[in-house]
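Visitor: structure here, sequence nowhere to be found:
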């Protein structure tokens, strides 16, 4: 549920809440772990973490990050306060593009405590608010709506994925490869689940080789469990030559999974006409997969002992996920329109899978098509498909 309120002449309030079938303590713990900021930050912004001091979200903790917008760099320094274990924390902008910014995160148990409500409240003020608000209101509101919609989609998706393997224990992961954006998001996802990402000299339970990985020293696999190697290759790289990691994995009789992907897409930067056309060409030619879906498939492959060998992991157009995991495609909010366009270009009259995915997203996150409606707080405990895992079966 999203609600806009104007207090007085200068202070504005944005609210959004979502119900989750997960205890409040678990949702709070996810936000407290390293990597949560990276998972919650808008993927279309180029962010650089400059410094962290005092912890993650505890009182007095500070986070200094920089937002790059073309040749400009905007610094943002957030100070945390109002910490209540398992229930609440607040970040206050000491420096930001806003004149004032106070973001309260609230976690409330529901029913018998097995479910919870996550509520975000942002009170803010623009520079020269009396003059700038009438001009910038629609832009600011759209930005916050988009940002918190993605935050809640990712929160729901990540918590459900981690919850599915909660009884299997933490895993130590090493990541190698040249895809820095995918690598950084995979690391953040991994650590928010209570797992560790280790360096070259430390033993690991699993190794992920991303597309473009150069030859690296053979990994140190841990001795206390059967290791796993997950390779992410594009279709043109499938069957690539053996690497030191593969040799080490074979020597240890490790389980090796090769995910063959097409165009990896995500909401990074504006989807300009030229970028959109390029994506349409590549996705239409090679297939595509959402970046967060790929992270979920890597996670699933590491934890599922029955998966081995080469696996196709691409979406063809809008409605086909060639997978072997018994999972469903996650259609990123940002790329639903791209999927529609692909269906149109390929001569399909029925983009029903995409429409159902969009309808599910709007239903569960309260995205009413009419802006003047006041939808009820969305819920995810019905046992139906989640926001981030729309039920689009492989054809």
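Guide: Arrived safely, thanks for sending. Keep in mind the model is a prediction, meaning the values are calculated, not measured.
Visitor: who's in contact with stretch 226-246?
Guide: With contacts defined as Cβ atoms under 8 Å, 6 or more residues apart in numbering, stretch 226-246 is touched by 176-177, 179, 182, 204-211, 213, 215-219, 221, 249, 252-262, 286-287, 294, 298, 301-302, 305, 310, 314. Where you see a C-beta, it was placed from the backbone N, CA and C, and this is true even at glycine.
Visitor: so which of these are in helices?
Guide: Using DSSP state H, the members of these that fall in helices are 182, 249, 286, 294, 298, 301-302.
Visitor: now, of those residues, which are buried?
Guide: Neighbour counting with 16 or more other Cβ atoms under 10 Å marks 182, 249, 294, 298, 301-302 as buried within these.
Visitor: least confident secondary structure element in the protein?
Guide: Lowest on mean pLDDT, DSSP states H and E among the helices and strands of the chain sits strand 320-322, with a mean of 33.
Visitor: residues contacting residue 123?
Guide: 7, 11-13, 100-102, 104.
Visitor: again, 6 Å this time
Guide: Applying Cβ atoms under 6 Å, 6 or more residues apart in numbering to residue 123 gives the contacts 11, 13, 102.
Visitor: output the residues you listed in JSON lines; the columns should cover pLDDT and neighbour count.
Guide: Shown next, in JSON lines, are the contacts of residue 123 (pLDDT from 0 to 100; neighbours: other Cβ atoms under 10 Å):
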{"residue": "11", "pLDDT": "83", "neighbour count": "15"}
{"residue": "13", "pLDDT": "93", "neighbour count": "14"}
{"residue": "102", "pLDDT": "96", "neighbour count": "18"}
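Visitor: let's have these in TSV, adding secondary structure and distance to residue 57.
Guide: Shown next, in TSV, are these (DSSP: H, G, I helix; E, B strand; the rest coil; distance: Cβ to Cβ, whole Å):
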residue	secondary structure	distance to residue 57
11	strand	24
13	strand	21
102	strand	14
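Visitor: for residue 156, state which of those residues is nearest.
Guide: residue 13 (23.4 Å; Cβ to Cβ).
Visitor: what are the buried residues along the lengthiest helix in the chain?
Guide: Assignment by DSSP H gives helix 129-163 as the longest helix of the chain. Judged by neighbour count (16+ other Cβ under 10 Å), helix 129-163 contains these buried residues: 129, 133, 140, 144-145, 147-162.
Visitor: who does it touch, helix- and strand-wise?
Guide: strand 11-20 (3 or more Cβ pairs under 6 Å, 6 or more residues apart in numbering; DSSP states H and E).
Visitor: same question for the helix or strand following the strand it packs on, mean pLDDT?
Guide: Following strand 11-20 in sequence order, the next helix or strand is helix 24-32 (DSSP states H and E). The average pLDDT within helix 24-32 is 97.
Visitor: great, nothing more from me.
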